[in-house]
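Student: Here's a sequence, model it:
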Amino acid sequence: MSDPHPARHAEREDKRTFLQKLAEFIHPGPDSAEELIETLVEAEDNHVINAESRAMLEGVIRMASMTAGDVMVAAPRMDLIDIASPYEALLHLVIETAHSRFPVFEGDKENIIGILMAKDLLKLQRAPELNIRALLRPAVFVPETKGLNDLLRDFRGNRNHLAIVIDEFGRTAGLITIEDVLEQIVGEIEDEFDVAEDEGDIFSLPDRSFRVSGDTAIERIEEAFGVKLDGIDPDESFDTIGGLIAHEMGHVPKRGEQHVLAGLSFVVQHTRGGAVRWFKVSPVAGPARSG
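Tutor: Modelled structure (predicted):
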């Protein structure tokens with residue numbers, strides 16, 4: 001049976017007006033990722049989308065060309081657990097670093113035999129006879145060239161949140177977590193160990209050292225540790241300990257670096273966005289004031 005209204009059928013197929021067709025002919029759609037990003041910027045300028053949506057969409061587009069090697073935590077900065085470590089040492093590392101998952105090695109650091117969940121250490125407290133090996137979960141290994149889109153799909157599919165990144169020679173290049181991938185889309189993800197930029201604070205650790213936020217005010221550090229920091233560089237003024245340490249070191253601090261200031265040792269534990277998020281602070285012997 002023929003359609004009694006062929007004109008209406010044609011209209012449903014293409015509802016664009018002549019002017020819309022002409023505009024699309026003169027200004028065709030984006031042909032590259034950069035052009036697509038420019039289109040998103042225009043959409044934001046025209047109030048079609050807000051700034052946050054534009055940033056997330058841009059992150060999705062850029063992530064398509066990124067690999068695990070682009071965002072991984074490099075091997076020298078990985079926090080690893082030695083399978084031979086006593087329980088007390090394991091607990092200390094968990095508290096100090098505040099990670100939820102740790103690669104575990106045996107003998108050589110390249111010999112990663114599994115992943116230990118921090119929460120599983122509670123099982124050792126209740127049943128000390130348990131072997132740590134029984135708590136390990138399989139380690140997932142991916143090449144540096146693994147695309148972030150594919151990696152995110154794998155993370156979601158196997159419900160695994162951490163992977164060990166391997167270089168072209170089969171050696172450990174670093175590690176990457178699902179949080180590292182998602183942050184390429186949504187920006188920094190704060191966790192329960194992060195503090196707001198204006199709420200820096202100081203926490204004591206079992207070894208009598210302290211975990212100090214890089215956003216902690218200079219005055220708070222002086223009061224807590226009984227030191228004087230405001231006269232170290234009379235030509236500069238800083239609000240936070242992170243800013244002062246970076247100035248004293250002369251570069252953006254990297255994880256694991258140490259600097260001694262006013263009789264205190266500041267070890268960089270965690271950085272994000274080019275700023276120190278956490279220091280490990282402890283007093284040092286002698287009158288040393290700089291590292």
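
Student: which residues does the residue nearest the centre of the chain contact?
Tutor: Among the residues of the chain, the one closest to the centroid is residue 180, at 4.9 Å (Cα atoms, centre = their mean). Taking Cβ atoms under 8 Å, 6 or more residues apart in numbering as the criterion, residue 180 is in contact with 71-73. Any C-beta I mention is one placed from the backbone N, CA and C, and that applies to glycine too.

Student: Let's see that with 7 Å instead.
Tutor: By Cβ atoms under 7 Å, 6 or more residues apart in numbering, residue 180 lies in contact with residue 71.

Student: Helix, strand, or coil at it?
Tutor: Taken by DSSP: H, G, I helix; E, B strand; the rest coil, the conformation at residue 180 corresponds to helix.

Student: Helices of the stretch 51-200 of the chain, start to end?
Tutor: Listed in chain order, the helices of the stretch 51-200 of the chain (DSSP state H, counting those that start in this stretch) span 51-63, 68-71, 87-97, 121-126, 148-158, 178-186.

Student: and of those helices, who's closest to residue 277?
Tutor: With Cβ to Cβ, the closest approach to residue 277 among the helices of the stretch 51-200 of the chain belongs to helix 87-97: 12.0 Å.

Student: Please save the CA atoms from that closest one in CSV.
Tutor: This file holds the C-alpha atoms of helix 87-97, laid out as CSV (Å, rounded to 0.1, in the frame of the first residue of the first chain):
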residue,chain,number,x,y,z
TYR,A,87,53.3,-6.7,59.8
GLU,A,88,54.4,-3.5,61.7
ALA,A,89,56.3,-2.2,58.7
LEU,A,90,53.3,-2.9,56.4
LEU,A,91,51.0,-1.1,58.7
HIS,A,92,53.4,1.9,58.9
LEU,A,93,53.6,2.2,55.1
VAL,A,94,49.8,2.0,54.7
ILE,A,95,49.3,4.8,57.3
GLU,A,96,52.1,6.9,56.0
THR,A,97,51.1,6.8,52.3
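
Student: Report the buried residues of it.
Tutor: 90-91, 93-94, 96-97 (16 or more other Cβ atoms under 10 Å).

Student: Also stretch 69-81?
Tutor: Quick answer for stretch 69-81 (16+ other Cβ under 10 Å): 69, 71-73, 75, 78-79, 81.

Student: Just those residues: which are in strands?
Tutor: Among the buried residues of stretch 69-81, DSSP state E puts 73, 81 in strands.

Student: Tabulate the buried residues of stretch 69-81 in a markdown table, adding columns for distance to residue 166 and pLDDT.
Tutor: Putting the buried residues of stretch 69-81 into a markdown table (distance: Cβ to Cβ, whole Å; pLDDT from 0 to 100) gives the following:
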| residue | distance to residue 166 | pLDDT |
| --- | --- | --- |
| 69 | 10 | 90 |
| 71 | 15 | 87 |
| 72 | 10 | 89 |
| 73 | 14 | 86 |
| 75 | 10 | 87 |
| 78 | 13 | 88 |
| 79 | 18 | 88 |
| 81 | 19 | 92 |
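
Student: So of the buried residues of stretch 69-81, which two are at opposite extremes in space?
Tutor: Between all members of the buried residues of stretch 69-81, the farthest pair (by Cβ to Cβ) comes out as 69 and 81, at 23.5 Å.

Student: got a list of what residue 150 touches?
Tutor: Contact criterion Cβ under 7 Å, 6+ apart gives no residues in contact with residue 150.

Student: I'd like to know how far it sits from residue 59.
Tutor: Residue 150 sits 16 Å away from residue 59, going by Cβ to Cβ, to the nearest Å.

Student: Next: residue 161.
Tutor: In terms of Cβ to Cβ, residue 161 sits 19 Å off from residue 59.

Student: Could you do residue 269 as well?
Tutor: Distance of residue 269 to residue 59, given as Cβ to Cβ: 27 Å.

Student: Same drill for those two, tell me which one is more crowded.
Tutor: Between residue 269 and residue 59, residue 269 has the larger neighbour count (other Cβ atoms under 10 Å), namely 20 against 16.

Student: Surely that one and residue 278 touch.
Tutor: Yes: with contact defined as Cβ atoms under 7 Å, residue 269 and residue 278 form a contacting pair (4.3 Å).
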